[in-house]
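Engineer: below are the sequence and a predicted model for it; my questions follow.
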Amino acid sequence: MAESSVKPVPLLKDELDIVIPTIRNLDFLEMWRPFFQPYHLIIVQDGDPSKTIKVPEGFDYELYNRNDINRILGPKASCISFKDSACRCFGFMVSKKKYIFTIDDDCFVSSPFPLDLLLLLGSVCCLVKYEIPCLVEVAKDPSGKDINALEQHIKNLLSPSTPLFFNTLYDPYREGADFVRGYPFSLREGVPTAISHGLWLNIPDYDAPTQLVKPRERNTRYVDAVMTVPKGALFPMCGMNLAFDRELIGPAMYFGLMGDGQPIGRYDDMWAGWCMKVICDHLGLGVKTGLPYIWHSKASNPFVNLKKEYKGIFWQEEIIPFFQSATLPKECTSVQQCYIELSKQVKASLGKVDDYFIKLADAMLTWIEAWDELNAPSEANSAKPQPNGPAK
Ligand SMILES: O=c1ccn([C@@H]2O[C@H](COP(=O)(O)OP(=O)(O)O[C@H]3O[C@@H](CO)[C@H](O)[C@H]3O)[C@@H](O)[C@H]2O)c(=O)[nH]1
Ligand SMILES: [Mn+2]
């Protein structure tokens, strides 16, 4: 990886945790070391807790496996998915920081090769069905600089969003941009930003059917923009490269029940995104999508993904209208109150679609109870739950 001569300044170093769900060794952190080393990592080890996950030297981290989750949450651990990346939300719950950045362990930063050369190489490899070994990581901005994804997420979160009126020059708070003519001055203050949703070069986050019909499609398009998702619009939130303000929206970031024992998978982040957006719209909070990009290196198996997703593909035709018409009473002024109300509506409206949604609605309540237990502002909770291994 090209060594950047200047060390990035670790913005919000003591106010942000990096949450990584994993079933693999975390060698990918070597590529991120210049950007991540100053931060505290919360690693959520999924699958077999007896397996040892190797973490490169020099990182400050805590690691939680399934035994830790069961020990800390007791019966409430039932709301945390097993054998699915949805388990990452446990890291959101145990963190004590204001901000969270979550990233998958097959996402990389920059490349020893210029982007166009690598993508040419990539297309040649694809033609001969040879995946570029994931030693490469490619996410360079148009100037060819390594993308500091974390820094861009922080910029996104620290500047307002504009959900009430679309700015045609996109992010008006960005260097070299502003509100365009006709933009109401009364709305130019914007609203607080709760979510920063990043994107992916190389392997796009496609669903299984799309992956199956387009196995070699790669995302080579770097769109140099950050946009606010307008109020009233839903969007497919991907958990791969995502940051959020935990104090503004943390309790809504429950990645729904997936994986082992569940009829559906790979809708965990989507579920969280739909619940979160309804609540952000109700509370007047903003959601941004666009920069930063990461290089997504590994395409998961589309056939395995199809088995996980297939019920979701037809259920979502009923789920989306539910969220599009969901309204929350004005008495709901906290995220928890909104989330509990939403859980009731899920049970009443989607419980008819499948019993799974009754179980999910109950799990949403369990999540809030567990969240409040671990995060209530009382002395009793100032002690942080300890993972089995020594805190790093
Ligand atoms: O059982 C599991 C499987 C994986 N993980 C960890 O979760 C992330 C994502 O895994 P992976 O990159 O293998 O899968 P993708 O299909 O690319 O993931 C996309 O689908 C979403 C899953 O809902 C995910 O957010 C998207 O990126 C890795 O860190 C694995 O180590 C796991 O914890 N448990
Ligand atoms: Mn992946």
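Structural biologist: Structure's in. What do you need? Model, not experiment: these values are computed from the prediction. Ligands and ions are numbered 1, 2, ... in the order given.
Engineer: in stretch 226-238, what's buried?
Structural biologist: Judged by neighbour count (16 or more other Cβ atoms under 10 Å), stretch 226-238 contains these buried residues: V226, M227, T228, V229, P230, K231, L234, M237, C238. Placement of C-beta: from N, CA and C, glycine included.
Engineer: the first one contacts G286, correct?
Structural biologist: What that stands for is V226. No - V226 is not in contact with G286 according to Cβ atoms under 8 Å; the separation is 11.0 Å.
Engineer: show me the strands in the stretch 101-250 of the chain, by range?
Structural biologist: 107-108, 193-202, 226-228, 241-245 (DSSP state E, counting those that start in this stretch).
Engineer: what's the closest of those strands to A348?
Structural biologist: strand 193-202 (26.1 Å; Cβ to Cβ).
Engineer: ok so, going back, adding mean pLDDT and distance to ligand 1, write the strands of the stretch 101-250 of the chain out as a markdown table.
Structural biologist: Converted to a markdown table, these look like this (pLDDT from 0 to 100; distance: least, Cβ to the nearest ligand atom, whole Å):
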| stretch | mean pLDDT | distance to ligand 1 |
| --- | --- | --- |
| strand 107-108 | 95 | 8 |
| strand 193-202 | 97 | 8 |
| strand 226-228 | 98 | 20 |
| strand 241-245 | 98 | 8 |
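Engineer: possible to save the ones you listed as JSON lines with distance to ligand 2?
Structural biologist: As requested, the strands of the stretch 101-250 of the chain are exported to JSON lines (distance: least, Cβ to the ion, whole Å):
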{"stretch": "strand 107-108", "distance to ligand 2": "7"}
{"stretch": "strand 193-202", "distance to ligand 2": "9"}
{"stretch": "strand 226-228", "distance to ligand 2": "23"}
{"stretch": "strand 241-245", "distance to ligand 2": "10"}
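Engineer: quick one: closest of the ones you listed to F303.
Structural biologist: Minimum separation from F303 across the strands of the stretch 101-250 of the chain (Cβ to Cβ) falls at strand 193-202, 20.5 Å.
Engineer: tell me which of the strands of the stretch 101-250 of the chain lies nearest to F101.
Structural biologist: Counting by Cβ to Cβ, F101 lies closest to strand 241-245 out of the strands of the stretch 101-250 of the chain; the figure is 4.3 Å.
Engineer: ok, residues contacting the closest one?
Structural biologist: Contacts with strand 241-245, where a contact means Cβ atoms under 8 Å, 6 or more residues apart in numbering, come from 98-104, 107, 149-150, 153-154, 156-157, 192-200, 250, 253, 269, 292-294.
Engineer: same thing but 7 Å
Structural biologist: 98-103, 107, 149, 153, 157, 193-200, 253, 294 (Cβ atoms under 7 Å, 6 or more residues apart in numbering).
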